[in-house]
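[1] next come a sequence and a model predicted from it.
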Amino acid sequence: MDTKLSLDKTAIVQANYAAMIADLEKIEPILSLFPKLEKLTAHPGNVYETKLKPLGAMGVEHAVHYAATYTVDAAKGVMTFKAKDGIGNASLSGQFDFHQKSNGVEIEIRIDGQLRDIKVPMLLRAATPGFIKTMFEGVVDRLIQKIGEKYPA
């Protein structure tokens, strides 16, 4: 089964903005914080291949595997990624935005794409898109938390 994924999460964390942006320019230190990360592989041209450990419960489980080309505009605190087709079982694109605010660093993460080849029992197919989105939102929430922990204010 295939399903579309679209999410947009925003949070404020107490973090060192300058240290965060320095690592943003390197790309890999931020990506390596992704929860459930099994393997992160750098390819030429700022392409990173990401394999996550399986996400799921109740008979629905999916090990997300995708590659994307990343670009960074450190002056604006923005990292964008565009799906690279032909690698893995997902096509994900999106953007990470980091903005210094008076009460901390605002982190906004947007992800859009498609997950493919999800093994789902027939009775659970109707509920699967919502379930997958909820599971992925939990991973992104934890990513935001880990970013705040790595760059304490």
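    Here it is on my side, so go on.

[2] when you work out contacts or count neighbours from here on, use the C-alpha atoms and nothing else.
    Fine.

[3] quick one: the helices in the protein?
    Taking DSSP state H, the helices of the chain run over residues 17-26, 28-31, 128-150.

[4] need the pLDDT of residue 102.
    You'll see residue 102 listed with a pLDDT of 93.

[5] just name the shakiest helix or strand of the protein by mean pLDDT.
    In the chain, the helix or strand scored least confidently by mean pLDDT, DSSP states H and E is strand 55-57, which has a mean of 70.

[6] picking up where we left off before, mind putting the helices of the chain in JSON lines, mean neighbour count and distance to residue 96 included?
    What follows is the helices of the chain, written out as JSON lines (neighbours: other Cα atoms under 10 Å; distance: least, Cα to Cα, whole Å):
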{"stretch": "helix 17-26", "mean neighbour count": "17", "distance to residue 96": "10"}
{"stretch": "helix 28-31", "mean neighbour count": "16", "distance to residue 96": "10"}
{"stretch": "helix 128-150", "mean neighbour count": "17", "distance to residue 96": "10"}
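
[7] tabulate those helices in a markdown table, adding columns for mean pLDDT and distance to residue 41.
    Listed next are those as a markdown table, based on pLDDT from 0 to 100; distance: least, Cα to Cα, whole Å:
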| stretch | mean pLDDT | distance to residue 41 |
| --- | --- | --- |
| helix 17-26 | 95 | 14 |
| helix 28-31 | 96 | 9 |
| helix 128-150 | 88 | 18 |
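
[8] nearest to residue 8, out of these?
    helix 128-150 (8.6 Å; Cα to Cα).

[9] ok now the closest one, how far from the chain's centre?
    In terms of Cα atoms, centre = their mean, to the nearest Å, the centre of helix 128-150 is found 8 Å from the chain centre.

[10] cool, stretch 122-130 as well?
    Relative to the mean C-alpha coordinate of its chain, stretch 122-130 is positioned 23 Å out (Cα atoms, centre = their mean).

[11] one more: stretch 61-78?
    Worked out by Cα atoms, centre = their mean, stretch 61-78 lies 7 Å from the chain centre.

[12] what residues of it count as buried?
    Going by neighbour count (16 or more other Cα atoms under 10 Å), the buried part of stretch 61-78 is 61-72, 74, 77-78.

[13] ok, now which ones touch the residue of the chain positioned farthest from its centre?
    Here the chain reaches farthest from its C-alpha mean at residue 123, the gap being 28.6 Å by Cα atoms, centre = their mean. With contact set as Cα atoms under 8 Å, 6 or more residues apart in numbering, residue 123 has no partners.
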